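[1] Predicted structure and sequence below. I'll ask about it afterward.
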Amino acid sequence: MEATQVAMKEFEPKIVGFFCKWCAYQGADLAGTSRMKYPLNVLPIRVMCTGRIDPTYVLTAFAEGADGVLIAGCHLGDCHYETGNYKALRRFALVRRLLEQYGIEPERIRLEWISSSEGSKFAKVVTEMTEEIKKLGPSPLKEVA
Amino acid sequence: MRIGFYICHCGINIANTVDIEEVMKFASQLDGVVVAKDYRYMCSDPGQDLIEEDIKSLNLTRVVVAACSPRMHESTFRAACEEAGLNPYLFQMANIREMVSWTTDDKEAGTEKAKRLVAAAIRRVVLHEPLEARRESVAQAVLVVGGGIAGIEASLRLADSGKKVYLVEREPSIGGHMAQLDKTFPTLDCSACILTPKMVEVGSHENIELLAYSEVKDVSGHVGDFRIKITKKPGYVNASKCVGCGVCTEKCPVKVPSEFDMGLGVRKAIYVPFPQAVPLLYTIDRDSCWYFQKGTCRICERFCDVGAVDFDQKEEIIEIQVGAIIVATGYDVFDASKITPLGYGHLDNVITSLEFERIINSSGPSGGEISLKDGTAPTSVAILHCVGSRDENWNRYCSRVCCMYSMKFAHLVRERIPEAKIYELYIDIRAAGKGYEEFYNRVLDEDVTFIRGRGAQVTRLATNSEEEGKLVVVCEDTLLGIPRRIPVDMVILSVGLEPQKDAAGVARMFKLSCSDEGFFLEKHPKLAPVATATPGLYLAGACQGPKDIPDVVAHASAAAAEAMAMLDRGYVVLEPEKAVISEETCSGCRICLDLCPFDAINFDEEQNIAVVEEVGCDGCGVCVSACPSSAIVLRGYTDEEILAEVEGVLA
Amino acid sequence: MENPKIAIVLGATCAGCDYSLLDLPPEVLLDVLGKVEIVYWPTATDFKLEDLKAVPDGEIALTLYEGAVNNEENEELARISRQKSQNLLAFGACSCFGGLPGLANVTTREGLFRQAYLDAPSNESNGVTPLRVSTVDGHELTIPDTFDTVRALHQVVPVDYYLPGCPPPLDLIGEALTALVTGDLPPKGHVFGSSKSLCDECDRRKESKSIHELHGIHELIPDEEKCLLEQGILCLGPATRGGCGYPCVKMNLRCWGCMGPTPESIDQGANMLSALASVLGLDRETDLTDEAIEVLMKQVKDPLGFFYRFTMPTSLLKRAVRRNQ
């Protein structure tokens, strides 16, 4: 009986968010300061720059049971470190192809440019991604013993 | 490991949607946590005291505070740790306000998310190592970019306090937009009369090196030690020889529209932008000079008694070192021709506010005479507010100055043409400022017709004899609720303020962020209105957002004060978050070398390893995540620390 | 004093590791053989499982387990090896990281069987895949069941030492065996090999890693003096533990990564991926459109097969998602 109830409850995805401290993290703060309501599924982790995000982090997140990974940083050209986000852009293009080979849908990893003034964009991205992952269902890796 | 955990209610800001008791209970059961406490305001003195006492009495080795964003109070709590003898970097903050409580109404879900962030912070803090911030000395000079009233004010304040100032202005003269204005509201002081003494002071101040007709080309380094490259454009007149007699301009055969007079008057190819220019140095505009364009002329050279004209002058690169930078690059005005129905650019006698400032100025192209294209004086004038401002199609924001200068125009027209019909078409009158409401009332008493409604169209198509030969302003009078057609002789479009056209490029060069509208972003909208996210970089004036002159002057003085305080302290604290390469594991593959945005990685040929130059490293970590053998560590953001957070949020 | 006992146990292996033992210089091999007692080595002589089982627990000084753990027999041998030995050494890339057999983790047992016994074009298949139990002439025969997921040795039993490589480098084998016979074994957990990546010992000229074109080794004859990666050849050396003497690179072939990750690395494949993507297209990064980046990255034809050729079972994700086959 209890088990059915749990199963009936809507799937709440866990999405790990890696946000650069100069833009996206501040954008997220702004969404909060502006009291914008959005789903609570994205779990934020602050990093210096999207260029600091090692593909290892994304793989670890999936290995530890994440249903999605959101990477967000400064707009291209606005990186606090000039070009860190360009590195992220190329790395995650390749990571996506790798994940596909592992059988993980590429939609589960999303890269977004969110400036420190784009609180509403942050809220919108989080809402959209949460919806999208809900549609995709739990990470297929969870079925792996 | 002895971790102290503290959770803040932030009044009701957190406590409303996060169950404080439950998070505390959860945290107290996590590995290493020896004490878990809550307080209404952790950031208050009693809140900090609570932590400090626990560190001492319970021998805490790590501290975690779950409260607001680390951007708010990380430094507060680090300082508290240090006060109690704990290395400030053995602290971690969980952001459960901006990231949690403020984003939801669901207390159960909010509590759950708060627990995850707390678990991540506690797992992370276990791995923290004590770090030391470095102190570096500060170069005792400031770069001020932009010579409008903001840059002038900031430069003078700094120079008066004995600081060396480099003031860079890209036009041949300082003065900016304020030099173009006629009178200033609400006191109606003559703009030039109050500005020129300051300009002269800048030009002669022993502590100010004025670099006019120059642009900043490159910025590197960091707070306390910025390295700047400036290009000084050739003006083809030798500054040390030119006496400013003006014979060259008199003799020059080339006439081009004057930028300073908004194209309404003319200037020569060799010119000073306006008589009170500082520096009073003649400049040859290469693009219009016959010698440069056609190969012959050189009349100016012939008539210059002192031999100051120098056609061989070359662009010059100046390199300077400064401790702080003040960006005061000002604003641009909205291009009224974008709103076609208003007729600007294709209907005669439809002009912009800045053009009107020149027209009404006694040293302007018409000698201060308000006249129509045909030379007659207008008998009726309509002033349209909010052109390009408060408009979903263009700029949504209010430009703040247009209501006041529009009413100033009404007053000036009334002064010059006592019998004229004057209309103000406004959405709302915004007269918030010292003496502003009084000025509004004064203009109301000067027989000016205020119509509440945005000017929608300006047309020559007459529908009756009264409109014949007139400009007809079409609008909806929102107080009467009727459409109106107002025939007038002259229409003044009160254009709003916009970021400079090249603001995005400037932002890139100085590593500034821009707000949605494109103005430079301050560190905090209320508490740090002149500082930016980059230490040592300050904003002054309208480049940060539309401002009137008193606000610009206050803002610029504040920027000067911040820079001054930093220079006077004499040192800056450089964050310890730097990349470090392990000698034991680096194999000298050279992948990292080309990746560093600051060229802070050198190669040690002898040892066959890469080495990070600590002062140059800004801690971005691009090299760390690219190192194929994981030989580079970013202190404060190690792989282990970040992965502990990943595991924590997912646990 | 008795000579120390050693055993050499075979899991899911091609037996290439055995050949390395035989390739040891005679003076080393004979010296070692004279100082040890071999209690189990089925490749060399006719040892039976019973022989191994008969050794008292903990009596074997050192067991070299080669190959991955891919079926019930491999697992049983791994457990017995652990039980009988004071020291268990994962011998070769398969044992250390899963190795080439580990790439079977892209599919399931059924998928694997279908490919190996039915779909592969080289098969002269009669449509039969291995059955755990079958009857022949009235006798019931069983074969060990194949697992869905290939594992490295340490994912099955605790391991004391690791000696990677495919095959394991002779110098390192010599080092390990000498350590045993002299009684001077390193601390537990030690990995035989360098603490740095292959680039440390590789003497090719290194200049700038900024590259934009990748080439297969069939597409050009690389400059023998210059770093292969700088010539656009996907060499895994920067992310691979050194100590092998880089024989492949010396032969103008790229490093495939058989020595596994460097000591500080969490995931060899992710490390190399990040390094490669960082330098690929670097010199014109601000001009690249999303499409151009796609094209650039598609030059890596098979990311998983390249970055994790020897380490998929010990990678962070360990195996691919089981799809409905």
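    Yep, it's here. Numbers count the residues shown, from 1 in each chain, chains lettered A, B, ... in the order given.

[2] where exactly do the helices run in chain A?
    Here chain A has its helices, by DSSP state H, at A:2-8, A:24-33, A:55-63, A:84-102, A:119-136.

[3] I'd like to know which of these is closest to B:G224.
    Evaluated over the helices of chain A, closeness to B:G224 peaks at helix A:84-102, with 22.7 Å, by CB to CB. C-beta here means a position set from N, CA and C on the backbone, and glycine is covered the same way.

[4] So that closest one, near chain C or not?
    Yes: counting by CB under 8 Å from any CB of the partner chain, chain C is contacted by helix A:84-102 at A:Y86, A:K87, A:L89, A:R90, A:R91, A:A93, A:L94, A:V95, A:R97, A:L98, A:Q101, A:Y102.

[5] pLDDT score assigned to C:R322?
    C:R322 is assigned a predicted lDDT (pLDDT) of 84.

[6] Isn't it up against A:L141?
    No: using CB atoms under 8 Å, C:R322 is not in contact with A:L141; the gap is 9.7 Å.

[7] In contact with C:L316, which residues?
    A:T56, A:L59, A:T60, A:F62, A:A63, C:I266, C:D267, C:A270 (CB atoms under 8 Å, 6 or more residues apart in numbering or on different chains).

[8] Around C:D57, count how many other residues there are.
    C:D57 has 10 neighbours, counted by other CB atoms under 10 Å in any protein chain shown.

[9] Likewise for the one 10 residues further on?
    Counted by other CB under 10 Å, the residues lying close to C:G67 total 28.

[10] Ramachandran coordinates for it?
    Backbone torsions for C:G67, taken as degrees, to the nearest 10, come to phi 100, psi 160.

[11] which pair in the contacts of C:L316 spans the largest distance?
    A:F62 and C:I266 (13.7 Å).

[12] More neighbours: which of the two?
    Using other CB under 10 Å as the criterion, A:F62 and C:I266 rank with A:F62 on top: 26 against 18.

[13] Return the residues in contact with the more buried one.
    Going by CB under 8 Å, 6+ apart, the list of residues near A:F62 reads A:V69, A:L99, A:I104, A:R108, A:S139, A:L141, C:L316, C:L317.

[14] so who does residue 15 touch?
    You didn't pick a chain, so chain A it is. So A:I15 contacts A:N41, A:V42, A:L43, A:A66, A:D67, A:G68, A:V69, A:L70, A:M129, A:T130, A:I133 (CB under 8 Å, 6+ apart).

[15] You answered for a different chain; I wanted chain B.
    B:H9, B:S101.

[16] How about the residues of the stretch 201-325 of chain C by chain A?
    So the stretch 201-325 of chain C meets chain A at C:266-267, C:269-271, C:273-274, C:276-278, C:280-281, C:285-286, C:288, C:290, C:293-294, C:296-298, C:300, C:302-304, C:307, C:315-323 (CB under 8 Å from any CB).

[17] Please read the previous query as pertaining to the stretch 51-200 of chain B.
    B:69-71, B:95, B:97-100, B:102-106, B:109-110, B:112-113, B:116-117, B:120.

[18] Buried subset of the residues you listed as a ChimeraX selection?
    To isolate the buried ones among these in ChimeraX, judged by 16 or more other CB atoms under 10 Å in any protein chain shown, type:
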select /B:69,70,71,95,97,98,99,100,102,103,104,109,110,112,113,116,117,120
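
[19] Could you pick out the residues of chain A near chain C for me?
    A:54-56, A:59-60, A:62-63, A:76-77, A:83, A:86-87, A:89-91, A:93-95, A:97-98, A:101-104, A:140-141, A:143-145.

[20] buried subset of the residues you listed?
    A:54-56, A:59-60, A:62-63, A:83, A:86-87, A:89-91, A:93-95, A:97-98, A:102-104, A:140-141, A:144.

[21] gap between the two ends of stretch A:112-128?
    With CA to CA, to the nearest Å as the measure, the first residue of stretch A:112-128 is 12 Å from its last.

[22] returning to that earlier point: mutual contacts of C:R322 and A:L141, please.
    A:G103.

[23] residue of the stretch 501-650 of chain B with the smallest distance to chain A?
    Distances between the stretch 501-650 of chain B and chain A by CB to the nearest CB are smallest at B:G621, namely 3.2 Å.

[24] Return the residues in contact with the closest residue to that residue other than its chain neighbours.
    Among residues not flanking B:G621 along the chain, A:R52 sits closest, at 3.2 Å (CB to CB, 6 or more residues apart in numbering or on different chains). By CB under 8 Å, 6+ apart, the contact list for A:R52 reads A:C20, A:G84, B:C620, B:G621, B:V622, B:V624, B:S625, B:L634, B:Y637.

[25] B:K338 now?
    B:G388, B:W394.

[26] what about it, distance to chain A?
    24 Å (CB to the nearest CB, to the nearest Å).

[27] Which residues of chain C lie near chain B?
    So far as CB under 8 Å from any CB goes, chain C lies against chain B at C:195-200, C:206-210, C:237-239, C:242, C:262-266, C:271-272, C:274-275, C:278-279, C:282.

[28] Drop anything exposed from these.
    C:195-200, C:206, C:209-210, C:237-239, C:242, C:262-266, C:271-272, C:274-275, C:278-279, C:282.

[29] out of these, which are inside helices?
    Using DSSP H, these in helices are C:N271, C:M272, C:S274, C:A275, C:S278, C:V279.

[30] Give me the nearest residue to the last one, chain neighbours excluded.
    I take that to be C:V279. Here the residue nearest C:V279, using CB to CB, 6+ apart, is C:K209, at 4.4 Å.

[31] Mind pulling up the pLDDT for the one you found?
    Taking C:K209 on its own, its pLDDT is 93.

[32] Next, name the residue at the spatial heart of chain C.
    Taking CA atoms, centre = their mean, the centroid of chain C lies closest to C:A93, which sits 2.0 Å from it.

[33] For the closest residue to B:Y41 other than its chain neighbours, list the residues it contacts.
    Nearest residue to B:Y41, sequence neighbours excluded (CB to CB, 6+ apart): B:G47, at 5.5 Å. Residues in contact with B:G47 (CB under 8 Å, 6+ apart) are B:Y6, B:C8, B:Y39, B:R40, B:Y41.

[34] What distance do you get for B:C10 to chain C?
    37 Å.

[35] doesn't B:C68 make contact with that residue?
    Yes: between B:C10 and B:C68 a contact is recorded at 6.5 Å, counting by CB under 8 Å.

[36] Compare these two (neighbour count), which wins?
    Taking other CB under 10 Å, B:C10 and B:C68 do not tie; B:C68 has more neighbours (28 against 22).

[37] can you map out the helices along the stretch 201-350 of chain B?
    Assigned helices in the stretch 201-350 of chain B, in chain order: B:247-251, B:290-294, B:299-303 (criterion: DSSP state H, counting those that start in this stretch).

[38] does whatever residue of the stretch 51-200 of chain B ends up closest to chain A belong to a helix or a strand, and which?
    Minimum separation of the stretch 51-200 of chain B from chain A (CB to the nearest CB) falls at B:E98, amounting to 3.2 Å. Assigned by DSSP states H and E, B:E98 belongs to no helix or strand.

[39] Can you list the residue ranges for strands in chain C?
    C:5-10, C:37-40, C:60-66, C:69-71, C:85-91, C:133-136, C:139-142, C:146-151, C:161-163 (DSSP state E).

[40] Count residues in the vicinity of residue 124, would you?
    In the absence of a named chain, chain A is used. A:K124 has 16 nearby residues by other CB under 10 Å.

[41] ah, I was thinking of chain C
    Neighbours around C:E124, by other CB under 10 Å: 4.

[42] and B:D38, that's in a strand?
    Yes: looking at B:D38 with DSSP: H, G, I helix; E, B strand; the rest coil, it is inside a strand.

[43] May I have the beta-bridge partners of it?
    B:I7 (DSSP bridges).

[44] got a list of what it touches?
    Contacts of B:D38 (CB under 8 Å, 6+ apart): B:Y6, B:I7, B:C8, B:H9, B:I20, B:E21, B:M24.
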